[in-house]
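>>> just the structure for this:
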Amino acid sequence: AVESVMMTTPGASVHAFAQANRKYGPDNEAALIWPRMDSKVQLLTPNTTVIYVFMWMDLKDGPMVMEVPPNVLGIVDDHWFKYVADVGMGGPDKGKGGKYVFLPPDYKGDAPDGYFLAKSATYGNWIVLRGFLENGDPAPGVKSFKDNFKLYPLGHTARASKVKYYDMSMKYLNTIHASDETFFDHINDIVQYEPNAAQNPEILGLLSSIGIEKGKPFKPDARMKKILKDAAKVGSAASRVVLYRSRDTEAPIWPNSGWEAPWMGNSSTFEKDGVSLIDARTRFHMYATGITPAMVTPKVGSGTQYIAGMRDSKGNPLDGSKIYKVHLPPNVPAKQFWAFTVYNVQTRSMLQTDQRFPEITSAEKSVKQNKDGSYDVYFGPKAPEGIESNWIQTVPGMGWHMLFRLYGPEQAWFDKTWRPSEVELVE
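Next up, the predicted model:
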């Protein structure tokens, strides 16, 4: 049962998005939009510098057409959190916008002409789209989504699109998978709804051994309920250990560093030389969302690179009651901008403090730069005097970690000729 938790966390994670979306409307219709993501939402490691749109697409009734606006980044992942397609800048339309057709797993007709095609192994699919602020203003990007994004059945026109937007600004919404015994109910939902061919037979065998099998009712008795309750806790705890105290030699970005790679193995399928990278997959899905090959094939000057600040320079966990500093040397290798975002260790979501956006970014004109072109960024419950603009608030008694992102990473980052300081405790 514990192994089942760790092997199917990706499915539970993406299923949580389906449940969250359905609180606002039907599949293929409800679009949750954040003009700027804030800390009210419970979501694994988002950032505040882009527009987010989430939808749940269902293909049970047949293929769906998606009309994608220009200048967006989008991913479609299936119900087991496996990659289906990139749309927008990372997709075949290359950011110009275009029409896509998504085919269900049982589709047997001819491939329709005039579209970018993608076939999913499952009926349920998560859509995540990101738009961009213009001079700090999300309004133009939000308008572009509302005017141009469409989703409707193949054989119909865009008029058939029923997409309705719900502004999620400062609204609580939980999109994080369960870590109690209801975890298994959610996995059973996926197994019953999706074809067995979408999942590894070994994993389906594990699930069958605890009573989760397609076409059969999942009715654990009192003994099994206790086992599942304990297994959910142990599986979650074990996954957290893999995340926060990884022994993988690929985890540290630099020797003996508290900066680590959230995504290890350089594979969007979590496979290497025919071997499944189980710990790498467990780590990623406890920490982040969105599977695409683009994340492991970075290009100089485009996309995003990010590293996780897990511990201070002495190897200690980051304490919300203490003050820390990170120094960024001159010539930060970011073509667009850089950003720090702070997260709660327990929820892996943005830390909820007096700051609506727990983030510091060089895109903000208020951020102070040192005379030599470097930056100093502080983290703590109170801002050091005179440097409030370069400070992110933390909470005493609460553990935290952070992501440092480079937007448009330049060659010095890939060469490792530039690096941030370790996270230093301010005495």
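>>> pull out the buried positions in the helix or strand encompassing G205.
Using DSSP states H and E, G205 falls within helix 201-209. Residues of helix 201-209 classed as buried under the neighbour-count rule (16 or more other Cβ atoms under 10 Å) are 203-204, 206-207. Where C-beta positions appear, they are placed from N, C-alpha and C, glycine not excepted.
>>> turn those into a markdown table, columns for distance to P396 and pLDDT.
Putting these into a markdown table (distance: Cβ to Cβ, whole Å; pLDDT from 0 to 100) gives the following:
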| residue | distance to P396 | pLDDT |
| --- | --- | --- |
| I203 | 42 | 97 |
| L204 | 46 | 98 |
| L206 | 42 | 97 |
| L207 | 42 | 98 |
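>>> what's the helix holding G205 packed up against?
Judged by 3 or more Cβ pairs under 8 Å, 6 or more residues apart in numbering; DSSP states H and E, the packing partners of helix 201-209 are helix 2-22, helix 182-193.
>>> tilt between it and helix 182-193?
For helix 201-209 against helix 182-193, the angle by axes from the mean of the first three to the mean of the last three Cα atoms, to 10 degrees is 120 degrees.
>>> what helix or strand is the nearest residue to P298 once chain neighbours are set aside located in?
The shortest distance from P298 to any non-neighbouring residue, by Cβ to Cβ, 6 or more residues apart in numbering, is to Q305 (5.9 Å). Take DSSP H and E as the rule and Q305 turns out to sit in strand 304-309.
>>> can you give the strand pairings for that strand, parallel or anti for each?
Strand 304-309 has the following sheet partners, assigned by DSSP bridges: strand 259-260 (antiparallel), strand 399-409 (antiparallel).
>>> what's the closest of the buried residues of helix 201-209 to H285?
Distances from H285 to those, taken as Cβ to Cβ, are shortest for I203 (13.6 Å).
>>> per-residue pLDDT, the residue nearest to V53 when sequence neighbours are not counted?
For V53, ignoring the flanking residues on the chain, the nearest one in space by Cβ to Cβ, 6+ apart is L129 at 4.2 Å. Model confidence at L129, expressed as pLDDT, equals 97.
>>> how about the one 10 residues further on?
The score at A139 is 97. That number is its pLDDT.
>>> pretty sure it sits against P35.
Yes. With contacts counted by Cβ atoms under 8 Å, A139 reaches P35, the gap being 7.4 Å.
>>> neighbour count winner among the two?
For A139 versus P35, the count of surrounding residues by other Cβ atoms under 10 Å is larger for P35: 19 against 11.
>>> what's the distance between that one and P358?
17 Å (Cβ to Cβ, to the nearest Å).
>>> deepest of the helices and strands packed on helix 201-209, which one?
Mean neighbour counts were taken over the helices and strands packed on helix 201-209 using mean count of other Cβ atoms under 10 Å, and the top value, a mean of 22, falls to helix 2-22.
>>> and it with helix 182-193, angle?
Angular relation of helix 2-22 and helix 182-193 on a 0 to 180 degree scale: 80 degrees, by the same axes, to 10 degrees.
>>> now do helix 2-22: which elements does it pack against?
For helix 2-22, the contact count by 3+ Cβ pairs under 8 Å, 6+ apart identifies strand 30-34, strand 50-58, strand 124-132, strand 173-174, helix 182-193, helix 201-209, helix 222-244, helix 278-287 as packing neighbours.
>>> helices and strands around the shortest one, which ones?
For strand 173-174, the contact count by 3+ Cβ pairs under 8 Å, 6+ apart identifies helix 2-22, strand 41-42 as packing neighbours.
>>> partners of that strand, with directions?
Strands that pair with strand 173-174, judged by DSSP bridges, come out as strand 41-42 (parallel).
>>> contacts for the partner strand, please.
Contacting residues not belonging to strand 41-42 are listed as 34, 168, 171-176, 347, 349-350 [Cβ atoms under 8 Å, 6 or more residues apart in numbering].
>>> any of the residues you listed buried? List them.
When neighbours are counted using 16+ other Cβ under 10 Å, those contain these buried positions: 34, 168, 173, 175-176, 349-350.
>>> what sits against Y100?
Contacts here follow Cβ under 8 Å, 6+ apart; on that basis Y100 touches 65-68, 85, 87, 91, 115-118.
>>> for the residues you listed, which single residue is the most surrounded?
Each of these was scored for neighbours by other Cβ under 10 Å, and V87 scores highest at 27 neighbours.
>>> host element of the spatially closest residue to that one that is not a sequence neighbour?
Residue nearest to V87 in three dimensions, not counting chain neighbours: G74, with 3.9 Å by Cβ to Cβ, 6+ apart. Under DSSP H and E, the secondary-structure element containing G74 is strand 73-78.
>>> ok, how many other residues are close to S246?
Neighbour count for S246, taken as other Cβ under 10 Å: 19.
>>> pLDDT score assigned to it?
92.
>>> and for V87?
Here the pLDDT value assigned to V87 is 97.
>>> wait, doesn't M402 sit right on F340?
Yes. In this structure, M402 sits in contact with F340. The criterion is Cβ under 8 Å, and the distance is 5.6 Å.
>>> who is V275 paired with across the strands?
The partner list for V275 in beta bridges (DSSP bridges) reads K272.
>>> count of neighbours near it?
The local packing count at V275 equals 9, with neighbours defined by other Cβ under 10 Å.
>>> try M37
Applying other Cβ under 10 Å, I find that M37 has 22 neighbouring residues.
>>> give the contact list for it.
Listed by Cβ under 8 Å, 6+ apart, the contact set of M37 reads 43, 46-48, 50, 52, 350.
>>> export those to CSV and tack on pLDDT and distance to K164?
As requested, the contacts of M37 are arranged in CSV below (pLDDT from 0 to 100; distance: Cβ to Cβ, whole Å):
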residue, pLDDT, distance to K164
L43, 96, 21
P46, 94, 22
N47, 93, 25
T48, 94, 24
V50, 92, 21
Y52, 97, 16
M350, 97, 26
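>>> for these, pick the one with the most neighbours.
In terms of neighbour count, M350 stands highest of those at 27 neighbours, by other Cβ under 10 Å.
>>> so for it, what's the nearest residue that isn't a sequence neighbour?
That would be S39: by Cβ to Cβ, 6+ apart, it lies 3.9 Å from M350.
>>> residues contacting the residue nearest to V53?
Residues touching L129, when contacts are defined by Cβ under 8 Å, 6+ apart, comprise 52-55, 68, 72-74, 87-88, 145, 149.
>>> and the contacts of stretch 291-306?
Among residues not part of stretch 291-306, those counted as contacts by Cβ under 8 Å, 6+ apart are 75, 77, 81-83, 86, 90, 262-263, 266-268, 335, 403-411, 413-414.
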